[in-house]
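S.K.: Sequence plus the predicted model coming up.
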Amino acid sequence: MLKVLVFAYLNRKYSARDIEDACRYDLRFRWLLNNSKTPDHVTINRFRNKIYPFMDEILKQLIDLLIQQGEVDLKSIYIDGTKIEANANRYTFVWKKSIIKYQKRLIEKISEYFNINDELSKGDLKKLVLKEFNNVRNICKSKDIVFVYGQGKRKTEEQKRYELFEEWLNKLDTYEKHLEIMGERNSYSKTDHDATFMRLKDDHMKNGQLKPAYNIQCATNGGYVVDIEGFSNPADMRTLPTFVNNLLQKYGIKIDRVVADSGYESEENYLYLKQNQIEAFIKPSNYELKKTRKYKKDISKKENMTYCKAGDYYICHNNKKLNFEKIIYRKNKSGFKSESRVYLCKDCLNCRYSHDCIRFKNKSGLKRIYVAERFENLRKESE
């Protein structure tokens, strides 16, 4: 049955009824079935649903078979990704920043109501509201208070407090549930909790609208797909270490080279591949740009300045020095720490080239350049 399904997909037959017809009339499918009884569409669909949880293992076994036959060797892995829109409504988004903001406002409101000066944890605050809600509910029961609704009806103080505490409890539960579903992501769809909102190439409204989607990463070798995985992160560069790590664990074979486009270029990815003794063939993001005449004549670029290693300074187009000022550190969302050296020219105020050299104007009016030495060296190796 698995052979029949794979061969049907290769021939672009995806419907269970089309596969059933092929098994009945196509000699190739009859040969795969060894002339046994033709399965009906219900049997094909039932088998297809049963093997879905084991698709990763089936793919691994197929790749192991191809390795044995010498079709693939997994020495060079070619990685690329694409964003696929989820089957979810575009306007079912839940944003993490908004939920955190609403939750914070509600906590401040509750603290002000109970006149709490000390900062309580969210759990303790929720317990306090729940305790007050139970007290009010018991009072309503003991006094046999009948709740009223609609125009012209006057609610009692007990009913008002009951409804207020109930609303607060519901909102606190809702915010906690949203944040739990979201996890480390910044958004999710109400009708598809696994989908994250991303910008897609297919933008029919031409306004950069965010849509619920998945970032699908695919690894190939010798023309065969050796692994495929879905990610919630829209940036390809954030997926590379996890994807390659899963590949190494799955097949347990030494990978020599990883080939990818400029979307995967980052210092973190270069270092990860180097630590795992994998050669990085990643296209630099400025590869095409630096070939242009405009780039080569741009005096603001550090690549078009002269560097003096002995004195650790750069010389600009007007023969002025940019001396080393300080080292700054940046940390990305995954926690990776990068280092950049800052060079500053203190003699730019009366320079006739300052208009072309200082593209991004600052208060001081001085030229600064940032040099990430480790990243630049890794990029040269890859190039």
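M.R.: It's in.
S.K.: any chance you could map the strands in the stretch 51-200 of the chain?
M.R.: For the stretch 51-200 of the chain, the strands defined by DSSP state E, counting those that start in this stretch cover 76-85, 93-95, 187-189, 196-199.
S.K.: Most tightly packed of those?
M.R.: strand 187-189 (a mean of 22; mean count of other C-beta atoms under 10 Å). For glycine as for every other residue, the C-beta is placed from the backbone atoms N, C-alpha and C.
S.K.: Output the strands of the stretch 51-200 of the chain in JSON lines; the columns should cover distance to residue 41 and mean pLDDT.
M.R.: JSON lines is the format used below for those (distance: least, C-beta to C-beta, whole Å; pLDDT from 0 to 100):
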{"stretch": "strand 76-85", "distance to residue 41": "27", "mean pLDDT": "94"}
{"stretch": "strand 93-95", "distance to residue 41": "37", "mean pLDDT": "95"}
{"stretch": "strand 187-189", "distance to residue 41": "32", "mean pLDDT": "94"}
{"stretch": "strand 196-199", "distance to residue 41": "35", "mean pLDDT": "92"}
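S.K.: Relative to residue 163, which of those is closest?
M.R.: The closest of the strands of the stretch 51-200 of the chain to residue 163 is strand 93-95. By C-beta to C-beta, the value is 25.1 Å.
S.K.: roughly how far is that closest one from the heart of the chain?
M.R.: 15 Å (C-alpha atoms, centre = their mean, to the nearest Å).
S.K.: which residues sit against the helix or strand encompassing residue 381?
M.R.: Here residue 381 is covered by helix 373-382, with elements defined by DSSP states H and E. With C-beta atoms under 8 Å, 6 or more residues apart in numbering as the test, helix 373-382 has contacts from 265, 267, 270, 271, 274, 280, 281, 282, 284, 338, 339, 341.
S.K.: Which positions within it qualify as buried?
M.R.: Judged by neighbour count (16 or more other C-beta atoms under 10 Å), helix 373-382 contains these buried residues: 375, 378, 379, 382.
S.K.: would CSV of those with pLDDT be doable?
M.R.: CSV is the format used below for the buried residues of helix 373-382 (pLDDT from 0 to 100):
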residue, pLDDT
375, 94
378, 93
379, 93
382, 91
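S.K.: nearest to residue 27, of the residues you listed?
M.R.: residue 382 (50.7 Å).
S.K.: Residue 308 pairs with what?
M.R.: residue 313 (DSSP bridges).
S.K.: Relative to residue 322, how far out is it?
M.R.: 10 Å (C-beta to C-beta, to the nearest Å).
S.K.: Same question for residue 288.
M.R.: 27 Å.
S.K.: For these two, indicate the residue with more neighbours.
M.R.: residue 322 (24 against 11; other C-beta atoms under 10 Å).
S.K.: Wasn't that one part of a helix?
M.R.: No. Counting by DSSP: H, G, I helix; E, B strand; the rest coil, residue 322 is not part of a helix but strand.
S.K.: ok, what's across the strand from it?
M.R.: Per DSSP bridges, residues listed as beta-bridge partners of residue 322: residue 314.
S.K.: thinking it is in contact with residue 342, fair?
M.R.: No. Judged on C-beta atoms under 8 Å, residue 322 makes no contact with residue 342 at a distance of 9.4 Å.
S.K.: what do these two both touch?
M.R.: Joint contacts of residue 322 and residue 342 (C-beta under 8 Å, 6+ apart) are 368, 369.
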